[in-house]
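**Student:** Turn this into a structure:
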Amino acid sequence: MTADAATGQLNLSAGWQGSLELEFAFRDRATHLSYSRSQAPLKLQRPFYPEGPEVCHCILLHTAGGVVGDDRLSLNLRLQPQAHALITSAAATKVYRSNGLVAQQTAQVQIAEGACCEWLPQETIVFDGANYQQNLRVELAPNATWIGWEITRLGRSARGEQFLSGNWRSRTEVWRQDQPLWIDPQWIPGSPVIVNSPHGLAGHPVIASFALVGKAVELELITQARSLWQAGAYPGEAGVTSLTEGLLCRYRGPSSQAARSWFMQVWQLLRQLYLGRSACPPRVWQI
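**Tutor:** Numbering: from 1, shown residues only. All right, here's what the predicted structure looks like:
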């Protein structure tokens with residue numbers, strides 16, 4: 001099963017049924033990858049510890065080179081008490097033009113008492129004509145923390161492409177003891193109306209969200225996060241609001257780099273305040 005990167009056309013119709021299951025445990029003052037099981041095209045690089053043994057950095061690989069119609073990808077992450085894992089991806093995820101079938105990715109994350117999961121994948125590039133749905137559900141135990149972002153480029157704007165057909169859907173849910181803390185369904189149907197509407201993309205190709213869930217947030221922190229978005233310093237539009245036990249940042253604009261630069265400043269702020277450590281960007285982001 002392959003896809004032509006130049007045209008975005010699907011060459012074969014059979015979809016991948018990939019999966020990745022990871023479990024992290026904290027012992028001897030270190031977070032260890034205690035269990036790992038994968039099925040192609042998903043794969044995990046060996047764990048890294050660039051900021052010491054307490055935080056395990058993991059890089060996810062998609063060995064097929066992109067996502068196509070009828071792919072079914074499944075991720076299951078479990079963090080035992082006090083474990084701390086940072087999950088990112090080796091490169092941008094490409095979602096190719098569909099053959100009429102839906103490509104799906106489903107992620108389940110369970111975060112135990114006192115544990116923290118940082119879910120910081122690189123950009124997703126959704127080709128015009130793609131049909132993609134992603135679902136993320138996070139289960140938080142008391143005193144557990146989830147930090148995550150999602151940066152999506154709709155259409156290969158470097159080629160002058162817009163998202164004029166297809167569908168992009170995303171649903172994120174964060175729960176604690178059967179109580180919802182944040183539920184965020186999003187849907188962008190590809191069309192000229194949505195691309196140009198001020199209630200849609202407003203002519204911009206990039207939309208992004210960054211959230212902290214599991215901690216009480218004071219108004220002063222919201223103000224600080226807003227101040228990091230310096231009007232005129234970044235292209236596009238941004239906003240910050242509070243959640244039930246959390247904070248949410250939104251971006252809409254022309255630049256995924258602008259979204260990530262701002263998110264990284266907020267990430268640094270949150271890490272120092274809630275985790276007692278500075279942000280440590282994975283080296284793979286610099287490649």
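**Student:** okay, CA-based contacts and neighbour counts for the rest of this
**Tutor:** Fine.
**Student:** strand partners of the helix or strand encompassing residue 207, parallel vs antiparallel please.
**Tutor:** For residue 207, the element it lies in under DSSP states H and E is strand 206-213. Strand pairing for strand 206-213, using DSSP bridges, gives strand 145-154 (antiparallel), strand 246-253 (antiparallel).
**Student:** Please work out the average pLDDT along it.
**Tutor:** Mean pLDDT, strand 206-213: 98.
**Student:** just the CA coordinates of it, formatted as PDB?
**Tutor:** The C-alpha trace of strand 206-213 is given here as PDB (Å, rounded to 0.1, in the frame of the first residue of the first chain):
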ATOM      1  CA  VAL A 206      -3.200  26.000   9.900                       C
ATOM      2  CA  ILE A 207      -5.300  25.300  12.900                       C
ATOM      3  CA  ALA A 208      -3.900  24.300  16.300                       C
ATOM      4  CA  SER A 209      -4.800  23.600  19.900                       C
ATOM      5  CA  PHE A 210      -2.700  23.200  23.000                       C
ATOM      6  CA  ALA A 211      -4.100  22.200  26.400                       C
ATOM      7  CA  LEU A 212      -3.200  21.500  30.000                       C
ATOM      8  CA  VAL A 213      -5.800  19.400  31.900                       C
END
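**Student:** now the strands paired with strand 206-213 as a markdown table including mean pLDDT, distance to residue 230 and mean neighbour count?
**Tutor:** Formatted as a markdown table, those follow (pLDDT from 0 to 100; distance: least, C-alpha to C-alpha, whole Å; neighbours: other C-alpha atoms under 10 Å):
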| stretch | mean pLDDT | distance to residue 230 | mean neighbour count |
| --- | --- | --- | --- |
| strand 145-154 | 98 | 19 | 22 |
| strand 246-253 | 97 | 13 | 22 |
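**Student:** would you list these in CSV and tack on distance to residue 101?
**Tutor:** Converted to CSV, the strands paired with strand 206-213 look like this (distance: least, C-alpha to C-alpha, whole Å):
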stretch, distance to residue 101
strand 145-154, 18
strand 246-253, 28
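**Student:** Please identify which of those strands is closest to residue 268.
**Tutor:** Nearest to residue 268 among these is strand 145-154 (11.6 Å), distances taken as C-alpha to C-alpha.
**Student:** Which residues are in contact with the residue positioned nearest the centre of the chain?
**Tutor:** By C-alpha atoms, centre = their mean, the chain has its centre lying nearest to residue 150, at 3.5 Å. Neighbour list for residue 150: 120, 121, 122, 123, 208, 209, 210 [criterion: C-alpha atoms under 8 Å, 6 or more residues apart in numbering].
**Student:** where in the protein is pLDDT low?
**Tutor:** 1-14, 231-232, 287 (pLDDT under 70).
**Student:** quick one on the thing from earlier: quick check: next helix or strand after the strand holding residue 207?
**Tutor:** helix 219-228.
**Student:** about what we covered before: neighbour-wise, which of the contacts of residue 150 leads?
**Tutor:** Neighbour tally across these (other C-alpha atoms under 10 Å): the maximum, 24 neighbours, falls on residue 210.
**Student:** Would you agree it is in contact with residue 242?
**Tutor:** No: counting by C-alpha atoms under 8 Å, residue 242 is not a contact partner of residue 210; they are 11.7 Å apart.
**Student:** shared neighbours of those two, which are they?
**Tutor:** Contacts common to residue 210 and residue 242, judged by C-alpha under 8 Å, 6+ apart, are residue 248.
**Student:** Relative to the helix or strand where residue 77 lies, what are the paired strands and their orientations?
**Tutor:** Assigned by DSSP H and E, residue 77 belongs to strand 72-79. When pairing is defined by DSSP bridges, strand 72-79 lines up against strand 17-27 (parallel), strand 103-111 (parallel).
**Student:** could these be laid out in JSON lines, adding distance to residue 283 and mean neighbour count?
**Tutor:** Converted to JSON lines, the strands paired with strand 72-79 look like this (distance: least, C-alpha to C-alpha, whole Å; neighbours: other C-alpha atoms under 10 Å):
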{"stretch": "strand 17-27", "distance to residue 283": "21", "mean neighbour count": "19"}
{"stretch": "strand 103-111", "distance to residue 283": "24", "mean neighbour count": "20"}
